[in-house]
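Colleague: show me the folded form of this:
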Amino acid sequence: MQMSDVTYSDVTFTKKDDAGQKQEDKAEQTQADSKHVDDGTAVYSEVKTRKHCTAKPDPVDSTPTPHPYQDSPTTLSVRCTVLLLCLCLLLLATTVTMAVLYVLKEVTNSDITQRLDNATAITRILEANITDLTQRLESLQVSYDNATVVIRTLEANLTDVQEEAWRKFSDGWKYFNGSYYYFSTDEMNWTDSRDACVTMGGHLVILNSQAEMDFIKDKGQMFWIGLTDIEEEDTFHWVDGTFFNKTTLPWLKNQPDNWEDEDCVVISSPEKTLNDAKCHEQRYRICES
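Modeller: As a prediction, the model looks like this:
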């Protein structure tokens, strides 16, 4: 163990004989056992002072004493290595974090772009559907307007039909299968009968079916009908100009024979057949409307 050396010193105060001179203090380091000085001065006090001296190295231990705040080269190298490793780890973590943030940003941007594209496509589809629905709505509106016009026309026609039906029923007309029939109670020739039917808002009857013929024949009279071959012999036409095929309706036996210029046709009862007759003869008539 190393020990520190201790040095003791005496401090001597002296006073000279000359009273006019100043007192001088003289400090002098001597050995510890010195008690008096040779110049004949008096010792007033003795002060022993401990001085700090640097410890001398132990000759046995030749290892240099390290500084308390100084690291060895090995420790310094380890610390530098650790510091460098920490910096590398920090740099790596920063790089990884930046890479992850970049990837997330790219993924987010890609997802946003995809969603935007999907939304755009859906918007276009909706716009197309809206356009189609608008066109359909416009078409339906046109159809509705047309239907409204038709309904109003039908209502007006219904009113007219109702009025006409009331008038015809009042005048003695009969209704059958969508048409009105008037059986006259007075007799006229074929030409006057035709004109009288026109005046009443109709025409001499035109037979289109066996059912219609049966309805007329049940009246039990002979009536002028709207069939004639006045314009061309043996070529019969209805009053509306329609050609008549003689085989479509039954005729009286051996008729038509055009005897003495018979150019107009009656329906006879009770035979329920057709027969040609002279146009100037007075007959009942059947008007149709």
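Colleague: from now on I want contacts and neighbour counts done on CA atoms only, so please keep to that.
Modeller: OK.
Colleague: next helix or strand past the helix or strand bottoming out on mean pLDDT in the chain?
Modeller: Of all the helices and strands that make up the chain, strand 25-28 has the lowest average by mean pLDDT, DSSP states H and E, namely a mean of 44. With elements assigned by DSSP states H and E, the helix or strand that comes after strand 25-28 is helix 73-171.
Colleague: tell me the gap between that next one and the middle of its chain.
Modeller: Relative to its chain's centre, helix 73-171 lies at 5 Å (C-alpha atoms, centre = their mean, to the nearest Å).
Colleague: which elements pack onto it?
Modeller: Packed against helix 73-171, as judged by 3 or more C-alpha pairs under 8 Å, 6 or more residues apart in numbering; DSSP states H and E, are no other helices or strands.
Colleague: neighbouring contacts of whatever helix or strand comes next after that helix?
Modeller: Using DSSP H and E, the helix or strand that follows helix 73-171 in sequence is strand 174-176. If you take C-alpha atoms under 8 Å, 6 or more residues apart in numbering as the criterion, strand 174-176 is touched by 168, 180, 181, 182.
Colleague: again, only this time at 7 Å
Modeller: Contacts with strand 174-176, where a contact means C-alpha atoms under 7 Å, 6 or more residues apart in numbering, come from 180, 181, 182.
Colleague: who wins on neighbours among these?
Modeller: residue 182 (23 neighbours; other C-alpha atoms under 10 Å).
Colleague: give me every residue that touches that one.
Modeller: Residue 182 makes contacts with 172, 173, 174, 286, 287, 288, as judged by C-alpha under 7 Å, 6+ apart.
Colleague: mind doing that once more with 6 Å?
Modeller: Listed by C-alpha atoms under 6 Å, 6 or more residues apart in numbering, the contact set of residue 182 reads 173, 286, 287.
Colleague: quick revisit: return the subset of the contacts of strand 174-176 lying in strands.
Modeller: If you go by DSSP state E, these have 180, 181, 182 in strands.
Colleague: need these in a markdown table with distance to residue 103, can you?
Modeller: As requested, the ones in strands among the contacts of strand 174-176 are exported to a markdown table (distance: C-alpha to C-alpha, whole Å):
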| residue | distance to residue 103 |
| --- | --- |
| 180 | 91 |
| 181 | 94 |
| 182 | 98 |
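Colleague: which one of these is nearest residue 282?
Modeller: Closest approach to residue 282 among those (C-alpha to C-alpha): residue 182, at 17.0 Å.
Colleague: neighbours of the closest residue to the closest one other than its chain neighbours, how many?
Modeller: Leaving aside its sequence neighbours, residue 182 sits nearest to residue 173 (C-alpha to C-alpha, 6 or more residues apart in numbering; 4.5 Å). When neighbours are counted by other C-alpha under 10 Å, residue 173 registers 21.
Colleague: shouldn't residue 173 be in contact with residue 181?
Modeller: Yes: the criterion here is C-alpha atoms under 6 Å, and residue 173 meets it with residue 181 at 5.3 Å.
Colleague: from residue 145, how far out is the most centrally placed residue in the chain?
Modeller: Centre of the chain computed as the mean C-alpha position; nearest residue by C-alpha atoms, centre = their mean is residue 126, 3.8 Å away. Distance from residue 126 to residue 145, counting by C-alpha to C-alpha, to the nearest Å: 28 Å.
Colleague: measure residue 183 to residue 216 for me?
Modeller: For residue 183, the distance to residue 216 - C-alpha to C-alpha - is 9 Å.
Colleague: ok, residue 283 next?
Modeller: Using C-alpha to C-alpha, residue 283 is found at 15 Å from residue 216.
Colleague: domain assignment for the protein?
Modeller: 1-65, 70-171, 174-288 (automatic domain parsing).
Colleague: all helices of the stretch 151-289 of the chain, in order?
Modeller: For the stretch 151-289 of the chain, the helices defined by DSSP state H, counting those that start in this stretch cover 190-199, 210-217.
Colleague: and the pLDDT at residue 140?
Modeller: If you check residue 140, the pLDDT there is 91.
Colleague: now do residue 34
Modeller: Residue 34 is assigned a pLDDT of 43 by the prediction.
Colleague: can you list the low-confidence ranges for the stretch 101-250 of the chain?
Modeller: Within the stretch 101-250 of the chain, the segments meeting pLDDT under 70 span 217-220.
Colleague: tell me the contacts of residue 275?
Modeller: 252, 255, 265, 266.
Colleague: ok, now how distant is it from residue 268?
Modeller: Distance from residue 275 to residue 268, by C-alpha to C-alpha: 7 Å.
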